[in-house]
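Chemist: next come a sequence and a model predicted from it.
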Amino acid sequence: MLKVVHYGLSALLLATAAAPSVAQEVNVYSYRQPELIDPILHAFTEKTGIPVNSVYMAEGMVERLKAEGARSPADLVMTVDISRLAELVNAGVTQPVDDAVLDQQIPEFYRDPNNQWFGLTSRARVIYASKDRVDPSEITTYEDLASPKWKGRICTRAGTDAYNVALVAAMIHHHGEEYTKTWLSGLKDNLAKKPQGNDRSQVKSIWAGECDISIGNTYYMGLMLKDPEQKQWAESVQLVFPVFEDGGTHVNVSGVAMTKAAPHREDAVKLLEFLASDEAQALYAELNNEYPVDPSVPVSALVASWPTLTPDDVNLAELAALRPDALRLVEEVDFDG
Ligand code: FE
């Protein structure tokens with residue numbers, strides 16, 4: 001389950017480190033795939049000489065940090081989705097980092113108001129639309145997804161999936177619970193089939209003619225285009241960026257937080273500042289076709305070919321706080337049933 005990747009220092013040291021160490025190094029626990037973050041951690045080591053040890057985890061990060069307590073070797077945790085960042089903060093395994101460089105590099109709505117976590121890249125949750133059967137001008141808002149004109153034409157993954165819960169939380173932020181519940185029912189009525197699979201399998205369904213539009217994160221377009229089997233799915237659709245009637249396009253982040261234990265806090269702050277730097281942001285943008293949180297950093301060529309993103313600027317911590325309400329509404333309308 002665990003994969004250990006190390007730079008310069010042995011994996012054994014990471015496994016046994018307990019007391020605060022004087023050695024210069026940073027230890028990272030990551031829910032992000034090694035192929036995404038390792039090149040960036042490598043760049044940091046090359047630049048500073050500070051080795052970074054990263055442990056990839058598929059699950060159980062909070063439990064592990066809790067079990068390790070003050071003896072944890074981990075300095076930083078990296079993950080996607082505000083729900084997982086909020087989960088770490090709520091579990092009490094993070095600490096705030098007040099840092100002028102981070103404040104300057106990362107827009108306010110992409111970081112925790114108490115500096116417990118920082119967004120590093122953002123991704124928009126948008127519409128994948130059939131090139132043959134949908135004109136992009138037909139979808140301009142998220143609210144419109146509940147319109148009867150889409151009856152039997154929409155595919156999506158489960159409503160209880162974290163990406164969709166965040167979208168529903170954003171709808172609550174803009175319109176309140178009552179509206180959102182009605183919207184969710186309308187969206188459910190428009191589904192071509194029961195929610196199942198991941199964002200990419202919805203695009204496959206469009207390609208197969210089962211539905212005309214689906215809801216998905218932007219970077220999956222890049223991933224599908226790189227995959228020999230999925231390329232044809234990707235080529236059957238185009239991206240449409242809806243907005244909220246009184247806002248922008250829904251975004252979520254991948255982010256980072258300092259652990260409470262952080263035995264190498266000083267070096268970890270240097271890595272944090274590097275991750276937020278234009279250099280690392282550009283690397284990230286290129287590797288996974290995500291959006292740099294710093295709008296001055298250029299996007300990848302593929303991302304530049306998409307519609308221009310105007311992110312909804314609600315603070316993501318506020319959306320994280322609305323998640324329980326969002327999940328309850330999803331269950332009340334039996335969205336996945
Ligand atoms: Fe994803």
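Modeler: In hand now; what should we look at?

Chemist: below-threshold pLDDT in the stretch 1-150 of the chain: ranges please.
Modeler: The model of the stretch 1-150 of the chain has pLDDT under 70 over residues 1-22.

Chemist: residue ranges of the strands in it, please?
Modeler: 3-6, 26-30, 52-56, 76-80, 94-95, 118-130 (DSSP state E, counting those that start in this stretch).

Chemist: out of these, the one nearest Val101 is which?
Modeler: Among the strands of the stretch 1-150 of the chain, the nearest to Val101 by C-beta to C-beta is strand 118-130 (10.7 Å). Heads up, the C-betas are built off the backbone N, CA and C, glycines and all.

Chemist: quick one, that closest one and strand 76-80 angle?
Modeler: 10 degrees (axes from the mean of the first three to the mean of the last three C-alpha atoms, to 10 degrees).

Chemist: just to revisit the earlier point, tell me the most buried of the strands of the stretch 1-150 of the chain?
Modeler: Highest mean neighbour count among the strands of the stretch 1-150 of the chain (mean count of other C-beta atoms under 10 Å): strand 26-30, with a mean of 26.

Chemist: what lines up beside it in the sheet?
Modeler: Within its sheet, strand 26-30 is paired with strand 52-56 (parallel), strand 76-80 (parallel), according to DSSP bridges.

Chemist: hey, C-alpha coordinates of that strand in PDB?
Modeler: The C-alpha trace of strand 26-30 is given here as PDB (Å, rounded to 0.1, in the frame of the first residue of the first chain):
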ATOM      1  CA  VAL A  26      11.800  17.400   4.500                       C
ATOM      2  CA  ASN A  27       9.400  14.500   4.800                       C
ATOM      3  CA  VAL A  28       6.200  14.500   2.900                       C
ATOM      4  CA  TYR A  29       3.100  12.300   3.100                       C
ATOM      5  CA  SER A  30       1.200  12.500  -0.100                       C
END
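
Chemist: quick one on the thing from earlier: any chance of the strands paired with strand 26-30 in TSV, plus distance to Ala100?
Modeler: What follows is the strands paired with strand 26-30, written out as TSV (distance: least, C-beta to C-beta, whole Å):
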stretch	distance to Ala100
strand 52-56	23
strand 76-80	19
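
Chemist: still on that earlier bit, can you redo the strands of the stretch 1-150 of the chain as JSON lines with distance to Asn164?
Modeler: Putting the strands of the stretch 1-150 of the chain into JSON lines (distance: least, C-beta to C-beta, whole Å) gives the following:
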{"stretch": "strand 3-6", "distance to Asn164": "28"}
{"stretch": "strand 26-30", "distance to Asn164": "24"}
{"stretch": "strand 52-56", "distance to Asn164": "25"}
{"stretch": "strand 76-80", "distance to Asn164": "14"}
{"stretch": "strand 94-95", "distance to Asn164": "25"}
{"stretch": "strand 118-130", "distance to Asn164": "8"}
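
Chemist: which among the ones you listed is found nearest to His175?
Modeler: strand 118-130 (16.5 Å).

Chemist: packing partners of the helix or strand just after the closest one?
Modeler: Past strand 118-130, further along toward the C-terminus, the next helix or strand under DSSP states H and E is strand 154-155. Here strand 154-155 is seen to pack against helix 199-207, strand 213-217 when contacts are counted using 3 or more C-beta pairs under 8 Å, 6 or more residues apart in numbering; DSSP states H and E.

Chemist: just give me how far strand 154-155 sits from the chain centre.
Modeler: With C-alpha atoms, centre = their mean, to the nearest Å as the basis, strand 154-155 stands 21 Å off its chain's centre.

Chemist: next one: stretch 327-336
Modeler: 22 Å.

Chemist: tell me which of the helices and strands packed on strand 154-155 is the most buried.
Modeler: Taking mean count of other C-beta under 10 Å, strand 213-217 is the most buried of those, at a mean of 25.

Chemist: of the strands of the stretch 1-150 of the chain, which is nearest Ala67?
Modeler: The nearest among the strands of the stretch 1-150 of the chain, by C-beta to C-beta, is strand 26-30 at 12.4 Å.

Chemist: what ranges does the stretch 151-300 of the chain have for its strands?
Modeler: 154-155, 213-217, 237-240, 251-259, 291-292.
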